[in-house]
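Engineer: What follows is a predicted structure for the sequence shown.
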Amino acid sequence: MEFSLTDPFLWETVIQGLLFGGVLALLSLGLNIIFGVIDVVWICYAELIMLGMYTIFFMYTEYGVPLPLAFAAGVVVVAILGAILHHLVIRPILHTEPINQLLVTGGVLFFLQGLATMMFSVEFRNLGVSFGSFEAGNMFFPVSRIIAFAVSLVAVLGLWLFLKKTYLGTAIRAISQDRDVMPLMGVSPRKIYLVTSALGGGLAGLGACLLVLLYDIHPAIGLTFGPITFMVCVLGGLGNMIGGFIAAFIFAEFIALGGFYAEVEWGYVLAFVFFIVMMFIRPQGILGSRN
Amino acid sequence: MGSSSFLTGTNAFKGILLAALLTLPLLGFSDYVLHIAISILLWAFIYTSWSVMGRFGLVSLGHGAFLGVGAYGTTMLWNHFGLTPWVGIPISILLSAVLGLLIGLPCFRFKITGHYFALVTLALTEVARLLIVALRDHTGGSLGVTPAGMVSPENPVSFYALQFASKSVWFYIIVGVWLVGLLIWRAVDRSMLRYAMEAISQEEDASASVGINVTRTKLTVTVISAAMTAFGGAVYGQYQQYINPETVSGIAISLQIVFAVIAGGMFVQLGPTVGAVITILLGEGLRLGFGNEFHGLDVTIYGLMLILFIIYMPRGVLGKAIESFTARVTPPRVQPGE
């Protein structure tokens, strides 16, 4: 395909990438805050999103719950799951080798994926809600993607305000800066870890609200979004939310443009190879500072 | 050695066990039973390959990449260039070793360890899977590919194509492969590499200061592990006569390799083999017991087991058994990762 900056399809692709970047940014938020505070990577993070998607789907289609309420329920359910995950699985091994905490959540990944397969079967489900599309020039954009992008920006801003302006947010930032000293200052890491896990889960739930509008739901959907979410966080510097935000857009453009010039797999291949190369150039992430 | 020779005991005992194993195809079991035995031994080899590096804290979530290079390398060379697996397998092993070098060198030089190493290798296995899918015109994409068949009912053996219709033949080949894996594991266990790696996994900078070449030591075990894994992938493709991107590469298979080793025990020679026995018998048992009625039950139980193992039995079934058996006899030696 010929390269031309006046090609409206190219610009449509770039903007689509931007919109997808917003979604990736939101997906990476929860994982990032958990890593930043607790120093744990939830490999099963995308599986929590998957359960949130099923919650919203069944609330809305089977029980006739209005969509905004179903969304709220999705966020709450995944937030609770996040807290349970921390309490039952992470906390008992918090003081062993860090890699154990990553691996144990891999067990949770299989558990949740298997459970979803048993309960909901492997069939693909679609919420069946459409907001139509928005036309600008000769370019068309699905309104659901624009909503997802806007929600992501609002969530990033909201989280930033929460961390900067509230007492709990300040405590969370303090713990993430010095895990050993903060208990001496009267901050209980146990409580903060639980709250952070619920917050991370809630953000995964919010991610579920957006993904459920954009994609079909099936038990293995986590494997589609999991790896890219980890890469976004690591590229941005694990725990660095602004870095993750920028990394999300870099990845999204790789995927969008790769899909435009070849097939979408090539976009992912390029994004992951870029990630591996960047790890060698800047292992601390694009904005991270090496400790 | 101490702990790792417990289950195998003396050489005579080992010989008897091996002889018993070798009579299996002569006892008139069905092809299904032989297939399960072959699968267990083949995956035991692959899991052993992973543990050659994994036991020293180099936790790779990317072994699907090496498995994919072995399986697809061999099959592509055969299907597109008519190159016999006798040549194709060594080439694929070499490619995989080079890949291990390419990913390992920068990782170790820049001290990418722990979470970061796990996630870089995870990216690698996804790249492998996506490349196989993206090159669908040559690889068959998600649908998978079959090595061009050379055997038929009239001609059940093709040495040139390394294809055999008989499960018994495959059983003996794969027992051999598995034994080679155990021997390499033991060779590494008894070499200076082990002491160097154990020192590195405890304290990297201190090891460097006493003259251990950290990067080269880590690279050596990584390359051994990558080469072995590719060999396992190639044999898997030849035996199954069908491979697809999901079964050899990607996040799911890479995690499965890690977890089977954890379940069995990654610090003992037969730990990965026990891991293969546990996971494969569990999967088959549940499938026979419940049919496909509870699709996903095996994965659920498997996941739950892993969570419990990592929390309560991080040394795995065999590791734990040996530990409790030898606790009174010898003081426990310091293991990496503690």
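Structural biologist: Ah, there it is.

Engineer: Tell me where the stretch 101-250 of chain A is predicted with low confidence.
Structural biologist: Applying pLDDT under 70 to the stretch 101-250 of chain A picks out no residues at all.

Engineer: can you pull out the helices in it?
Structural biologist: Secondary structure of the stretch 101-250 of chain A (DSSP state H, counting those that start in this stretch): helices at A:143-165, A:167-177, A:189-214, A:221-236, A:241-261.

Engineer: want to throw these into a markdown table with mean neighbour count?
Structural biologist: All C-beta spots, glycine's among them, are computed from the backbone N, C-alpha and C. Below are the helices of the stretch 101-250 of chain A laid out as a markdown table (neighbours: other CB atoms under 10 Å in any protein chain shown):
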| stretch | mean neighbour count |
| --- | --- |
| helix A:143-165 | 16 |
| helix A:167-177 | 16 |
| helix A:189-214 | 24 |
| helix A:221-236 | 25 |
| helix A:241-261 | 22 |
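
Engineer: B:F325: which of the ones you listed is closest?
Structural biologist: Evaluated over these, closeness to B:F325 peaks at helix A:189-214, with 37.1 Å, by CB to CB.

Engineer: picking up where we left off before, just so I know, which of the helices of the stretch 101-250 of chain A lies nearest A:A46?
Structural biologist: helix A:221-236 (3.6 Å).

Engineer: what about that closest one, near chain B?
Structural biologist: Yes - interface with chain B: helix A:221-236 contributes A:223, A:226-227, A:230-231, A:234 (CB under 8 Å from any CB of the partner chain).

Engineer: how far off helix A:189-214 does that helix point, in degrees?
Structural biologist: For helix A:221-236 against helix A:189-214, the angle by axes from the mean of the first three to the mean of the last three CA atoms, to 10 degrees is 120 degrees.

Engineer: which helices and strands sit right next to helix A:221-236?
Structural biologist: Applying 3 or more CB pairs under 8 Å, 6 or more residues apart in numbering or on different chains; DSSP states H and E, one finds that helix A:221-236 contacts helix A:8-38, helix A:45-61, helix A:98-120, helix A:241-261, helix A:264-281, helix B:114-134, helix B:251-264.

Engineer: Who are the packing partners of the fifth one?
Structural biologist: It stands for helix A:264-281. With contacts defined as 3+ CB pairs under 8 Å, 6+ apart, the packing partners of helix A:264-281 are helix A:221-236, helix A:241-261, helix B:85-109, helix B:114-134.

Engineer: Ok, which of the ones you listed comes nearest B:V235?
Structural biologist: Ranking the helices and strands packed on helix A:264-281 by their distance to B:V235 (criterion: CB to CB) puts helix B:85-109 first, at 8.0 Å.

Engineer: Okay, buried residues for that closest one please.
Structural biologist: Using 16 or more other CB atoms under 10 Å in any protein chain shown as the test for burial, helix B:85-109 gives B:85, B:88-89, B:91-93, B:95-97, B:99-100, B:103-108.

Engineer: repeat for stretch A:130-143
Structural biologist: By 16+ other CB under 10 Å, the buried positions in stretch A:130-143 come out as A:139, A:141-142.

Engineer: Can you pick out the ones from these that are in strands?
Structural biologist: Among these, DSSP state E puts A:139, A:141-142 in strands.

Engineer: what subset of the buried residues of helix B:85-109 is also close to chain A?
Structural biologist: Checking the buried residues of helix B:85-109 against chain A by CB under 8 Å from any CB, the ones in range are B:103, B:106-107.

Engineer: What parts of the stretch 151-291 of chain A come near chain B?
Structural biologist: Within the stretch 151-291 of chain A, the residues that sit near chain B (CB under 8 Å from any CB) are A:219, A:223, A:226-227, A:230-231, A:234, A:238, A:262-263, A:265-266, A:268-269, A:272-273, A:275-276, A:279-280, A:283.

Engineer: if we go to 10 Å?
Structural biologist: Contact residues (CB under 10 Å from any CB of the partner chain) of the stretch 151-291 of chain A with chain B: A:219-220, A:222-224, A:226-228, A:230-231, A:233-235, A:238, A:258, A:262-277, A:279-285, A:290.

Engineer: can you check the stretch 1-150 of chain A too?
Structural biologist: So the stretch 1-150 of chain A meets chain B at A:35, A:39-41, A:43-44, A:47, A:88-93, A:96-122 (CB under 10 Å from any CB).

Engineer: Restrict these to the buried ones and give me that as a ChimeraX selection.
Structural biologist: Buried subset of these, written as a ChimeraX selection, criterion 16+ other CB under 10 Å:
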select /A:35,39,40,41,43,44,47,89,90,91,93,97,98,99,100,101,102,103,104,105,106,107,108,109,110,111,112,113,114,115,116,117,118,120
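
Engineer: residue contacts, A:T55?
Structural biologist: The contact partners of A:T55, by CB atoms under 10 Å, 6 or more residues apart in numbering or on different chains, come to A:70-71, A:73-78, A:81, A:205, A:208-209, A:212.

Engineer: Tell me the one of those residues nearest B:M266?
Structural biologist: A:L81 (29.5 Å).

Engineer: isn't that closest one right next to A:L51, touching?
Structural biologist: Yes - A:L81 is within contact range of A:L51, at 6.5 Å (criterion: CB atoms under 10 Å).

Engineer: and for these two, which residues touch both?
Structural biologist: Residues within reach of A:L81 and of A:L51 at once, by CB under 10 Å, 6+ apart, are A:44, A:112, A:201, A:204-205.

Engineer: A:T6: how many residues sit nearby?
Structural biologist: Neighbours of A:T6 under the rule other CB atoms under 10 Å in any protein chain shown: 6.

Engineer: Revised request: answer the last question for B:R190.
Structural biologist: 11.

Engineer: and it, backbone torsions?
Structural biologist: Taking degrees, to the nearest 10, you get phi -100, psi 0 for the backbone angles of B:R190.

Engineer: pLDDT at it, what is it?
Structural biologist: pLDDT recorded at B:R190 is 90.

Engineer: Same check on B:T146?
Structural biologist: At B:T146, the model reports a pLDDT of 90.

Engineer: Pretty sure it sits against B:A71.
Structural biologist: No - contact between B:T146 and B:A71 fails when scored by CB under 10 Å: they sit 11.8 Å apart.

Engineer: what sits in contact with each of those two?
Structural biologist: Common contacts of B:T146 and B:A71 (CB under 10 Å, 6+ apart): B:237, B:240, B:243-244.

Engineer: just for the stretch 201-338 of chain B, where's the confidence low?
Structural biologist: Per-residue confidence for the stretch 201-338 of chain B (pLDDT under 70) gives these ranges: B:291-293, B:327-338.

Engineer: Give me every residue in it lying close to chain A.
Structural biologist: Contact residues (CB under 10 Å from any CB) of the stretch 201-338 of chain B with chain A: B:201, B:245-246, B:250-252, B:254-256, B:258-259, B:262-263, B:293-312, B:314, B:336-338.

Engineer: For ChimeraX, write a command that selects the buried ones of the residues you listed.
Structural biologist: Buried subset of these, written as a ChimeraX selection, criterion 16+ other CB under 10 Å:
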select /B:201,245,246,250,251,252,254,255,256,258,259,262,263,295,296,297,298,299,300,301,302,303,304,305,306,307,309,310,311,314,336,337
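
Engineer: Now intersect the residues of the stretch 201-338 of chain B next to chain A with the helices, please.
Structural biologist: Under the assignment DSSP state H, those contribute B:201, B:245-246, B:251-252, B:254-256, B:258-259, B:262-263, B:297-312 to helices.
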